[in-house]
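Novice: Pasting a predicted model and its sequence here:
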Amino acid sequence: MTHYSNPFIEPFTAIETIHAIPSPAGYERITPEPGSFGEWLRAIKLKKDNLVYLYNGSLKKDQSVHFAVLDIPIGKKDLQQCADAIIRLRAQYLFDKKRYSEISFSDNDNKCYKWKGDSSKIAFNSYLENVFCRCGTASLQKQLKPVTDLQQIQHGDVFIKGGFPGHAMIVVDIAQNRKGKKIFMLAQSYMPAQDIHIVRNPANDILNPWYEITEADEIVTPEWIFTKNCLRRW
């Protein structure tokens with residue numbers, strides 16, 4: 001077996017979950033409510049090899065954009081891309097909490113796809129593949145509610161630009177300092193389907209992988225630029 005190393009980051013062998021990634025000096029994490037989507041997101045385990053693989057088992061060519069890799073399955077088809085990864089996370093949270101009736105996503109024609117099953121993981125994954133084929137950034141943007149004030153950012157919020165292609169990233173953690181200044185961490189998948197990963201902050205090596213809320217209208221990530229009005233909520 002060939003072993004690879006990532007020259008851009010140190011292996012996170014001692015960091016098991018998103019919540020264990022250190023926050024910058026002077027910042028403390030904002031604790032989400034018990035049982036919430038935010039609490040579930042922060043508890044997601046991280047892979048130890050710290051490499052992003054595509055759905056077909058090959059390495060993503062650019063290994064410089066990510067900071068850590070989530071231990072979440074991506075399947076063996078080119079389906080779980082950006083919006084799909086966020087759908088996966090939201091659906092998996094509701095599935096794990098046995099809130100089956102809340103698992104529902106709509107396509108661009110507003111046709112609804114509800115999970116009508118039980119705790120069968122095989123059937124659930126088949127359901128998700130069907131959703132991935134029919135839903136994307138354009139439809140997910142319609143389903144989510146706009147957040148007009150970035151200062152009110154919450155765990156599980158989504159930066160999304162609907163389109164063909166568009167892009168979407170999810171807020172997996174938030175921290176703030178004594179002055180109330182907030183920072184946040186983002187995760188994404190991309191094209192082709194690949195491991196969900198926490199992205200680096202290309203504009204701020206000190207805060208990396210955290211992003212700060214500033215007066216600027218743009219949020220510059222390694223593979224996409226969002227504007228503040230792109231923030232949405234479940």
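Specialist: Noted; the coordinates are in hand.
Novice: helices and strands around the longest strand seen in the chain, which ones?
Specialist: The longest strand of the chain (DSSP state E) is strand 167-176. For strand 167-176, the packing partners by 3 or more C-beta pairs under 8 Å, 6 or more residues apart in numbering; DSSP states H and E come out as strand 28-29, helix 37-42, helix 82-96, helix 137-143, strand 158-161, strand 182-188. Glycine gets a C-beta too; all of them are placed from N, C-alpha and C.
Novice: Which one, of these, ends up nearest to Gln63?
Specialist: Nearest to Gln63 among the helices and strands packed on strand 167-176 is strand 182-188; the distance by C-beta to C-beta comes to 14.4 Å.
Novice: could you check the angle helix 82-96 makes with that closest one?
Specialist: 100 degrees (axes from the mean of the first three to the mean of the last three C-alpha atoms, to 10 degrees).
Novice: Restrict stretch 167-187 to CA atoms and write it as CSV.
Specialist: What follows is stretch 167-187 as a C-alpha-only set of coordinates in CSV (Å, rounded to 0.1, in the frame of the first residue of the first chain):
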residue,chain,number,x,y,z
HIS,A,167,-21.4,26.0,-4.0
ALA,A,168,-22.3,25.5,-0.3
MET,A,169,-20.4,25.3,2.9
ILE,A,170,-21.5,24.6,6.5
VAL,A,171,-20.6,26.3,9.7
VAL,A,172,-19.4,23.6,12.0
ASP,A,173,-18.1,25.6,15.0
ILE,A,174,-18.1,29.2,16.4
ALA,A,175,-16.1,31.0,19.0
GLN,A,176,-15.9,34.6,20.3
ASN,A,177,-13.6,36.8,22.4
ARG,A,178,-14.4,39.0,25.3
LYS,A,179,-15.3,41.9,23.0
GLY,A,180,-17.9,39.7,21.3
LYS,A,181,-16.0,39.3,18.1
LYS,A,182,-17.0,36.0,16.5
ILE,A,183,-15.1,33.6,14.4
PHE,A,184,-16.4,30.4,12.7
MET,A,185,-15.1,27.2,11.0
LEU,A,186,-16.3,25.9,7.7
ALA,A,187,-16.6,22.5,6.1
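Novice: Could you pull out the strands in this structure for me?
Specialist: Going by DSSP E, the chain shows strands at 28-29, 66-69, 104-106, 112-114, 145-146, 158-161, 167-176, 182-188, 197-199, 210-212, 218-220, 225-227, 231-233.
Novice: before we move on, the earlier item: what strands line up against the longest strand of the chain, and which way round?
Specialist: strand 28-29 (antiparallel), strand 158-161 (antiparallel), strand 182-188 (antiparallel) (DSSP bridges).
Novice: Please enumerate residues in contact with the last one?
Specialist: So the one you mean is strand 182-188. 18, 21, 23-24, 27, 30, 70, 82, 85, 151, 153, 159, 167-176, 196-199, 207, 209-213, 221, 223 (C-beta atoms under 8 Å, 6 or more residues apart in numbering).
Novice: What's the PyMOL line that selects buried ones from those?
Specialist: The following PyMOL command selects only the buried members of those, with burial defined by 16 or more other C-beta atoms under 10 Å:
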select buried, resi 18+21+23+27+30+70+82+85+153+159+167+168+169+170+171+172+173+174+175+176+196+197+198+199+207+209+210+211+212+213+221
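Novice: I'd say Val52 and His197 touch.
Specialist: Yes: at 5.3 Å, Val52 and His197 qualify as touching, with contact defined as C-beta atoms under 8 Å.
Novice: Quick check: neighbours shared by these two?
Specialist: Joint contacts of Val52 and His197 (C-beta under 8 Å, 6+ apart) are 66, 69.
Novice: distance of Gly57 from Asp49?
Specialist: Using C-beta to C-beta, to the nearest Å, Gly57 is found at 13 Å from Asp49.
Novice: what stretches of this protein score poorly on pLDDT?
Specialist: Within the chain, the segments meeting pLDDT under 70 span 1-14.
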